[in-house]
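Predicted coordinates and the sequence they were generated for:
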Amino acid sequence: MTQVMKAADVVIIGVGMVGSIIAKELAAAGYKVVGLERGEPRFTVPDFQGPGVHDELRFDVRKALMQDNTREAVTFRNQVAQTALPIRRWESFLPGTGLGGSQVHWNGQTYRFQAQDFAMASHVRERYGKDFLDPDLRVQDWGVIYADLEPHYDRFEYLLGTGGKAGNLKGKIQPGGDPFESPRSREYPTRPMKEHYSGAMFRKAANSLGYHPFPQPSSNLSEPYTNPEGLKLNTCVFCGFCERFACEHYAKAVPQTFILPVLMKNPNFELRTGAQVQRINLDSSKTKATGVTYIDAAGREFEQPAALVITCSFALNNVRMLLLSGVGKPYDPASGTGVVGRNYAYQTMSTVASFFDKDVIVNPFMASGASGTLINDFAGENFDHSKLGFIGGSFIGAVNTNGRPINYHPVPPGTQAWGKGWKKAVADHYNHTVMFSIHGSSMAQKQNYLDLDPTYKDAWGQPLLRMTFDFPKNDLAMAEYVTGKGVEIGKAMGAKQVVGTPRKGPYTITQYQTTHNTGGTVMGDDPSTSVVNRYLQVWDVPNVFVVGASNFPQNATWNPTDTIGALTYWAIDALKNKYLKNPGRLVSA
Amino acid sequence: MNARNVCRLSLLVALGATAASAMAAAPIVGDAKNGAVLAAACQACHGAQGEGTFAAGFPRLAGQTAVYLEKQLNDYAADTRSNAVMAPLAKALSPKQRADLAAHFAGLSPPSTAAGSSAGAGVLARGRLLAHEGDEAKQLQACGNCHGPEGRGEAFAAPYLAGQSATYLAAAIKEWKSGARKNDGGQLMAAVANRLDDADIAAVAAYFESVGPLP
């Protein structure tokens, strides 16, 4: 029997980074907010403390912080003609679960997208002509421009305490920063991280080739910082356990350090963990949500009525929630119609390994998740694509996030895969190798999409999300080109052997690449190609908002978190100053 | 000054510069035997074997890492760690002598001279909690994250706390809090110390003394 709870003003699905920021703002504005989190409550003390928090086998290999895929997996196939199978062991991407969401295990790399990224389709048309793009690509504009989001990027970065060096302050190029970035209204709140030896070598080589190296922006803090919420973050100690791990030092910007202590004290907010939302409930008109239905950890079913529903779980789960609820028309790749699940994109990741003699000592274990040195000379639209036949790009960086014993052991190609030869190669190269990340954009393509699996169900009997994805030719060509540029930098660093590994198809889910899954509930100005309008309000059901990387029409060169944060404050602004004052459609379709 | 002298002078300058940069590049290696000789001057406060004088708050030095001890002596000399007694002593030593003393004390392991804590069970329990688990309400992480399991120290920079004088530990935390000591780079100890009130400082100091020295 379903128990009906007392109605709330707002129900939040997923209390991660986006959910906790929205909940804090709306609760502070006087609204009754219920936050439903499927995972467990967890805080820096006692949950993230040493020595257990550095258990590489538990967290890195067995992925203890991730969504439980024995209960809730994603099925995968490369093409429509194949049968998708459930991913029973996360490898390619790592969706988190629990209070604080996936951000708890992030690396802290905090980039803005560039102005051109938000107007990608118009920009490409204007710069290269209307026939430049592969007709299978589904590149489109965001419905917002960079200037709309700049104040919200700024607010988000000051919430986190992001460290870096501005490259463009109000249009004036700043030495030492990234000259390609779109203008910032002010400097980063904290200074850049200390540079590794590998970063210093990279910087020197990049300069010698005429490129523009700059310190990687980091939300692992470079110095003590008190954020505008009054919360104090500590200095990172370079332990090398960021990605896949939680931080014991209050030094990584995660909801537990930058917002939850404030949110949890507000009596207008109620957190319910172990709450597995089954669906958003709609009234008979199918244009109004009445609340959500969830099942608690003891298997009891509850209905939580609410005037406003905001889904802000992991990108893939946002898409699934709409599909399970019948909110928005599902995308059909055959006809090209429908919108939910359309424009699923990813990130195109390649690497360059530079092997040095033993006199070059890099100490990879003295690392933080975001303390590299990189260039944006081949990122996004920062270079001319007219003769290259593709769009998009990658940053190239000496981004050394860890030297952990189980999973970090770079060896040259041709090394014996096991036994004595392998052990010798690991010993020879562990401390004398510089790895570059070639971190690239991902274009949406007609054949890549998300829908509900016809066969496999989760532990609650609901269909799993099905992913159909392979790399577009465009992105593989981009990876090939930029990886070549990375190899040239490795050679300029004086490495004795440089190995470039551009991303190749088909996409495999058995090899870690990145957790930057995007799209599926795309934002835009046209209801026939987007699920939500420019304020992240669902076109068809105006009292449902969707916030996350699922809003990206295609993925840009950089890590998505900063842009998700900017979209979060952008949506909060629309909610507080427009929607909640006068609920209804914020944009007429 | 004639031309020949100028020439000789510039040669000396060049040699001096080379020697200085060579010194900067190569770390000083401490000589424990020489350190043992120099340590006669330390005995009155730190004990014959570096065991410390707990009641007076003179810390145990025996078995701390040479890296840590040498850095503290250098920091006293550079005034990034302020102490009226230690500063002139450290300044009177050459960098090599500081390294020698550090090597000497790092190699010692005398028994503890702690008299046994008079702190009550509640105080020790609070200290134990802070040491191993931290306090979320104060956004305070556990000491063991840096100072090693049970506070046994984490090579090379984080000193052991287990078996250290409670009087000394409490005074040291207060120095971090007041800013008299700021020699940890990232100001992490200042951040921690600022979240500890006097009762918590006393509790965590008493707890670590009560654990006794650990191998």
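Nice, I can see it.

Now do the buried residues in the longest helix anywhere in chain A.
For chain A, the helix with the greatest residue count under DSSP state H is helix A:473-492. Across helix A:473-492, burial judged by 16 or more other CB atoms under 10 Å in any protein chain shown covers A:473-479, A:481-483, A:485-492. All C-beta spots, glycine's among them, are computed from the backbone N, C-alpha and C.

check contacts around A:Gln109.
With contacts defined as CB atoms under 8 Å, 6 or more residues apart in numbering or on different chains, A:Gln109 is in contact with A:Gln216, A:Pro217, A:Ser218, A:Ser219, A:Gly369, A:Ala370, A:Val399, A:Trp558, A:Asn559, A:Thr561.

Tally up the residues packed near A:Ser185, please.
Burial of A:Ser185, expressed as a neighbour count using other CB atoms under 10 Å in any protein chain shown, amounts to 11.

coming back round to it: quick one: which of the contacts of A:Gln109 has the most company?
A:Ser219 (33 neighbours).

Tally up the residues packed near the closest residue to chain B within the stretch 251-400 of chain A, please.
With CB to the nearest CB as the measure, the residue in the stretch 251-400 of chain A that lies nearest chain B is A:Pro261; the distance is 6.9 Å. The burial metric for A:Pro261, expressed as a neighbour count using other CB under 10 Å, is 19.

Please verify my assumption that it contacts A:Pro255.
No: A:Pro261 lies out of contact with A:Pro255 (CB atoms under 8 Å); the separation is 9.5 Å.

Now do B:Leu11, the pLDDT please.
Note for B:Leu11: predicted pLDDT of 36.

actually A:Trp422, sorry about that
At A:Trp422 the predicted local distance difference test score is 97.

For whichever residue of chain B sits closest to chain A, which residues are in contact?
Per CB to the nearest CB, B:Gly186 is where chain B lies closest to chain A, at 3.2 Å. Applying CB under 8 Å, 6+ apart to B:Gly186 gives the contacts A:Glu223, A:Pro224, A:Asn234, A:Thr235, A:Cys236, A:Val237.

Now do the same contact list for the fourth one.
Right, the one you point to is A:Thr235. A:Leu221, A:Ser222, A:Glu223, A:Pro224, A:His249, A:Ala251, B:Gly185, B:Gly186, B:Gln187, B:Leu188, B:Ala191.

By pLDDT, give me the weakest of the residues you listed.
Of all the contacts of A:Thr235, the one the model is least sure of by pLDDT is B:Gly185, with 81.

And for that one, the neighbour number?
Taking other CB under 10 Å as the criterion, the count of residues near B:Gly185 is 11.

any idea how far A:Thr162 is from it?
In this structure, B:Gly185 lies at 20 Å from A:Thr162, with CB to CB, to the nearest Å as the measure.

before we move on, what about B:Ala125?
To A:Thr162, B:Ala125 is 39 Å away according to CB to CB.

between these two, who's got more neighbours?
Neighbour comparison, B:Ala125 and A:Thr162: the larger count goes to A:Thr162, with 29 against 13 (by other CB under 10 Å).

Name all residues that make contact with that one.
Contact criterion CB under 8 Å, 6+ apart gives A:Thr110, A:Tyr188, A:Pro189, A:Thr190, A:Pro217, A:Ser218, A:Ser219, A:Ala253, A:Asp562 as the residues in contact with A:Thr162.

try it again with 6 Å
Under the criterion of CB atoms under 6 Å, 6 or more residues apart in numbering or on different chains, the contact partners of A:Thr162 comprise A:Thr110, A:Tyr188, A:Pro217, A:Ser219.

Just give the number of residues close to the closest residue to A:Ser185 other than its chain neighbours.
In space, and not counting its chain neighbours, A:Ser185 is closest to A:Asp154: 5.5 Å by CB to CB, 6 or more residues apart in numbering or on different chains. For A:Asp154, the count of nearby residues is 18 (other CB under 10 Å).

My reading is that A:Asp154 lies in a helix. Confirm?
Yes: A:Asp154 forms part of a helix when assessed by DSSP: H, G, I helix; E, B strand; the rest coil.

what's the distance between it and A:Phe258?
To A:Phe258, A:Asp154 is 15 Å away according to CB to CB.

likewise B:Cys42?
Using CB to CB, B:Cys42 is found at 46 Å from A:Phe258.

Would you map the helices across the chain?
With no chain named, the answer covers chain A. When assigned using DSSP H, the helices of chain A occupy the ranges A:17-28, A:44-47, A:56, A:115-118, A:120-128, A:146-160, A:197-208, A:255-258, A:260-263, A:315-325, A:419-429, A:473-492, A:561-574.

try again with chain B
Using DSSP H, the helices of chain B run over B:3-25, B:32-38, B:43-46, B:66-78, B:86-91, B:95-106, B:121-132, B:144-147, B:166-178, B:188-194, B:198-211.

So which residues make contact with the fourth one?
The list of residues contacting helix B:66-78 from outside it, by CB under 6 Å, 6+ apart, reads B:30, B:81, B:86-87, B:90-91, B:98-99, B:102-103, B:105-106, B:156, B:159, B:183.

just the residues you listed that are near chain A?
With respect to chain A, and counting by CB under 6 Å from any CB of the partner chain, no part of these is in contact.

Near the residue of the stretch 451-589 of chain A found nearest chain B, how many other residues are there?
Here the residue of the stretch 451-589 of chain A nearest chain B is A:Gly494; by CB to the nearest CB that distance is 19.6 Å. The number of residues packed around A:Gly494, counting by other CB under 10 Å, is 14.
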